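In: Below: sequence and its predicted model.
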Amino acid sequence: QVQLVESGGGLVQAGDSLRLSCAASGLAFGSYTMGWFRQAPGKEREFVAAISDNGGRTYYADSVKGRCTISRDNAENTVYLQMNELKPEDAAVYYCAADFSRTLYSVVGRYDYWGQGTQVTVSS
């Protein structure tokens, strides 16, 4: 059974940083592209970042480029999202997802497995 468990969310002030983690189990982690998505109330789930199976390639949404860094530790079956200079518009539930392909997709429907999400709240 595949499980993706996010952690690290919380309430922060604008300008602060957060590091989200996603621990994976039940899959060959090193064979999967991993992605981070977010969903704010009343909005569709949107792409944030993706990283290739070996960590050699990354891809970011324009809205977070330069402020966020996605990384992974295949020995620990964990993917991370470091978020800096947080803005109120970054507030959302953040989800990690796994895709068994070598393409870094930004489309929700391309990902095979999803976590339950972790809440990020940013006060102004």
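Out: Alright, I've got the coordinates.
In: Give me the neighbour count for Ser63.
Out: 14 (other CB atoms under 10 Å). To be clear about C-beta, it is placed using only N, CA and C from the backbone, and glycine gets the same treatment.
In: so how far is Met83 from it?
Out: In this structure, Ser63 lies at 11 Å from Met83, with CB to CB, to the nearest Å as the measure.
In: and what of Asp90?
Out: Distance of Asp90 to Met83, given as CB to CB: 7 Å.
In: Now the spatially most central residue of the chain: closest residue in space, sequence neighbours ignored.
Out: The centroid of the chain falls nearest to Trp36 when counting by CA atoms, centre = their mean (2.2 Å). Of all residues not flanking Trp36 in the chain, Val48 sits nearest, at 4.3 Å (CB to CB, 6 or more residues apart in numbering).
In: got the contact list for that neighbour?
Out: Val48 makes contact with Gly35, Trp36, Phe37, Arg38, Tyr60, Ala61, Val64, Cys68, Leu81, Tyr94 under the criterion CB atoms under 8 Å, 6 or more residues apart in numbering.
In: hmm, 7 Å instead?
Out: Trp36, Phe37, Arg38, Ala61, Val64, Cys68, Leu81 (CB atoms under 7 Å, 6 or more residues apart in numbering).
In: Also Arg110?
Out: Asp99.
In: For the helix or strand where the residue nearest to Trp36 lies, C-alpha coordinates in PDB please.
Out: Here Val48, judged by DSSP states H and E, is contained in strand 46-51. The C-alpha coordinates for strand 46-51 follow below in PDB (Å, rounded to 0.1, in the frame of the first residue of the first chain):
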ATOM      1  CA  GLU A  46      -2.300  23.900  -8.700                       C
ATOM      2  CA  PHE A  47       1.200  22.800  -9.400                       C
ATOM      3  CA  VAL A  48       4.100  24.100  -7.300                       C
ATOM      4  CA  ALA A  49       7.200  22.100  -8.100                       C
ATOM      5  CA  ALA A  50       8.500  18.700  -9.300                       C
ATOM      6  CA  ILE A  51      11.700  16.800  -9.100                       C
END
